[in-house]
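A.B. asks: Give me a model of this one.
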Amino acid sequence: MPATPDSAKSDAAKHLWHGRFSEAPADSLMAFTASIGFDMRLWRDDIAGSIAHAEMLGATGVLPRVDVDAIVAALHQVQGEFDGGTFAFVASDEDIHTAIERRVTEIAGAAGAKLHTARSRNDQVATALRLFAKRELSATARRTLALIDVLDRRADDAGDAYLPGYTHLQRAQPVLLSHHLRAHAWAFARDVERILDAVARLDVSPLGAGALAGTSLPIDPTDTQRRLGFARVFANSLDAVSDRDFVAEALFTLAMVGLHLSRLG
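C.D. replies: Numbers count the residues shown, from 1 in each chain. Take a look at the predicted model:
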């Protein structure tokens, strides 16, 4: 990332939270609080959420169509830069969300600065994180199902082959190799069930919840929910932006997959 201490201080006024500070924070604090090193992977989801949000603002008349078109075109350009590996970060990009918004404003000018209309960083980040978790968990479920299929086919191929079953580090009973392989398949099948359950619970669009209590502007959260492919829209704005229980649940389900993979050795 092309950031230097001097440029970080000169860019301090561009931070979202700079209004209460008379001077820039220490470089060490900026380095410690920057999250772009790990939330960079949310770029695709942040762009998708922003495109849906901009289109909704146009559909509801909150923004004129000319501004929406400029914003969406800029977002597609940014997406191309990420795909091509040419997106240039600057020192003031403390996270992926500010980086993308900064670049959109550079491209679209005054129209780009309107992207954040009727949106808070809270519902923006929650939306990107849910999109990311939904996509990655769904991909893991597909890969796990493929592994189950391989185990089932290997079990069929094993025929009447036997191997010793152990208990207390001693050979105890003979078992069919197919029985052994399908024991792993059953464990992975439960993993898939857990993953799909987790996806069903997190499949909620928080976009429109704002910082915590929505907005007085005439937005349509169900519009962005449909555009982003979420199953439903949030029921409580405060819950939508304040809880990350879906992340904890996702981590547990993935940990179980990892545990069961470790038994295949």
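A.B. asks: which residues does the residue nearest to Gln77 when sequence neighbours are not counted contact?
C.D. replies: Spatial nearest neighbour of Gln77, chain neighbours left out: Ile107 (5.8 Å); criterion: C-beta to C-beta, 6 or more residues apart in numbering. Yep, even glycine has a C-beta here, placed from its N, CA and C like the rest. By C-beta atoms under 8 Å, 6 or more residues apart in numbering, the residues touching Ile107 are 73-74, 77-78.
A.B. asks: As CSV, those with distance to Ile96 and pLDDT would be great.
C.D. replies: What follows is the contacts of Ile107, written out as CSV (distance: C-beta to C-beta, whole Å; pLDDT from 0 to 100):
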residue, distance to Ile96, pLDDT
Ala73, 20, 99
Ala74, 16, 99
Gln77, 16, 99
Val78, 11, 99
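A.B. asks: Return the closest of these with respect to Arg194.
C.D. replies: Nearest to Arg194, judged by C-beta to C-beta, of the contacts of Ile107 is Val78 at 35.2 Å.
A.B. asks: Now do the helix or strand hosting that closest one: which elements does it pack against?
C.D. replies: Here Val78 sits within helix 65-84, counting by DSSP states H and E. The contact analysis (3 or more C-beta pairs under 8 Å, 6 or more residues apart in numbering; DSSP states H and E) places helix 65-84 against helix 43-59, helix 96-108.
A.B. asks: Could you check those helices and tell me which one is nearest Asp156?
C.D. replies: Comparing the helices and strands packed on helix 65-84 by C-beta to C-beta, helix 43-59 comes nearest, at 39.0 Å.
A.B. asks: what comes into contact with the closest one?
C.D. replies: 63-65, 67-68, 71-72, 75-76, 78-79, 82, 87, 96-97, 100-101, 104, 114-115, 117-119, 124, 127-129, 131-132, 135, 207, 219-220, 223-224, 227-228.
A.B. asks: Taking their axis directions, it and helix 65-84 sit at what angle?
C.D. replies: Interaxial angle, helix 43-59 versus helix 65-84 (axes from the mean of the first three to the mean of the last three C-alpha atoms, to 10 degrees): 170 degrees.
A.B. asks: From the chain's centroid, how far away is helix 43-59?
C.D. replies: 14 Å (C-alpha atoms, centre = their mean, to the nearest Å).
A.B. asks: average model confidence for that helix?
C.D. replies: Averaged across helix 43-59, the pLDDT comes to 99.
A.B. asks: if we can go back for a sec, dump the helix holding Val78 to PDB, keeping only the CA atoms.
C.D. replies: What follows is helix 65-84 as a C-alpha-only set of coordinates in PDB (Å, rounded to 0.1, in the frame of the first residue of the first chain):
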ATOM      1  CA  ARG A  65     -30.800   9.500 -12.600                       C
ATOM      2  CA  VAL A  66     -27.800  11.400 -14.000                       C
ATOM      3  CA  ASP A  67     -26.100  11.200 -10.600                       C
ATOM      4  CA  VAL A  68     -27.000   7.500 -10.200                       C
ATOM      5  CA  ASP A  69     -25.600   6.700 -13.700                       C
ATOM      6  CA  ALA A  70     -22.300   8.500 -12.900                       C
ATOM      7  CA  ILE A  71     -22.000   6.700  -9.600                       C
ATOM      8  CA  VAL A  72     -22.700   3.300 -11.000                       C
ATOM      9  CA  ALA A  73     -20.300   3.800 -13.900                       C
ATOM     10  CA  ALA A  74     -17.600   4.800 -11.400                       C
ATOM     11  CA  LEU A  75     -18.300   1.700  -9.300                       C
ATOM     12  CA  HIS A  76     -17.900  -0.500 -12.300                       C
ATOM     13  CA  GLN A  77     -14.700   1.200 -13.200                       C
ATOM     14  CA  VAL A  78     -13.400   0.600  -9.600                       C
ATOM     15  CA  GLN A  79     -14.400  -3.000 -10.000                       C
ATOM     16  CA  GLY A  80     -12.400  -3.300 -13.100                       C
ATOM     17  CA  GLU A  81      -9.400  -1.800 -11.300                       C
ATOM     18  CA  PHE A  82      -9.600  -4.400  -8.600                       C
ATOM     19  CA  ASP A  83     -10.100  -7.200 -11.100                       C
ATOM     20  CA  GLY A  84      -7.000  -6.000 -13.000                       C
END
